[in-house]
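> Here's a sequence, model it:
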Amino acid sequence: MRKPGKLLGGGKRLKEATRRKGRTRAEEVIKKVKSSNPELCKLGKCVEFANAGEKALKQKGISGTRVRVSNGGSVGFDGKPISGNGVHEFLDVNRKVYDNLNSGLSRKDFLNRFDVSNPKRILESWNF
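Below you'll find the model as predicted:
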């Protein structure tokens, strides 16, 4: 039996969405990052989490987008503050969002629950 992600006949790879216990490869990588360093899962650690998550995903050949929101005000999620400095960073892989507090929410769900106090926000993103 072939393992997920190995080359198949014709050089085709199984899709990134190959699931293990209902999780994608990206979710498995993020889970390992968080379990190996629980400090990354605390408030105010979004940049450190994004650094570690991006590095781990790249090492596994998984690409995505890193997003930084800067607004000079508070940043919240579900009505609760998640950043005191007006900056929050997260990773977007195949329309799933990963940050220091959430693991694999759909982009739509994450953005619907994401709050910024200053509508004049700066949004930066880059691919990895």
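> Identify all contacting residues around the longest helix anywhere in the chain.
The residue-count maximum for a helix in the chain (DSSP state H) belongs to helix 46-59. Residues from elsewhere that reach helix 46-59, judged by C-beta atoms under 8 Å, 6 or more residues apart in numbering: 26, 29-30, 32-34, 37, 39-41, 63-64, 66, 82-83, 87-91, 93, 98-101, 128. Where you see a C-beta, it was placed from the backbone N, CA and C, and this is true even at glycine.
> List the buried residues of it.
For helix 46-59, burial by neighbour count (16 or more other C-beta atoms under 10 Å) applies to Cys46, Val47, Phe49, Ala50, Ala52, Gly53, Glu54, Ala56, Leu57.
> what about the strands in this structure?
Using DSSP state E, the strands of the chain run over residues 65-70, 75-77, 80-83, 87-93, 96-98, 103-106, 114-116, 122-127.
> can you redo these as TSV with mean neighbour count?
TSV is the format used below for the strands of the chain (neighbours: other C-beta atoms under 10 Å):
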stretch	mean neighbour count
strand 65-70	18
strand 75-77	18
strand 80-83	15
strand 87-93	22
strand 96-98	23
strand 103-106	16
strand 114-116	17
strand 122-127	10
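> and the ones you listed, which one is worst for confidence?
Looking at these, the lowest mean pLDDT belongs to strand 114-116 (a mean of 86).
> Note down every partner strand of it and its orientation.
Paired strands of strand 114-116, with direction, are strand 75-77 (antiparallel) (DSSP bridges).
> Please state the offset of the partner strand from the chain centre?
Relative to the centre of its chain, strand 75-77 is centred 16 Å away, using C-alpha atoms, centre = their mean, to the nearest Å.
> Please apply the same query to stretch 47-67.
Remark: stretch 47-67 is offset 8 Å from the chain centroid, using C-alpha atoms, centre = their mean.
> what's the answer for stretch 79-92, then?
13 Å.
> who's in contact with that stretch?
Residues outside stretch 79-92 that contact it (C-beta under 8 Å, 6+ apart) are 30, 43-44, 46-47, 49-50, 53-54, 57, 64-76, 97-99, 101-102, 107, 110, 115, 118, 125.
> Show the low-confidence segments of the protein, by residue range.
Within the chain, the ranges that satisfy pLDDT under 70 run 1-22, 119-120.
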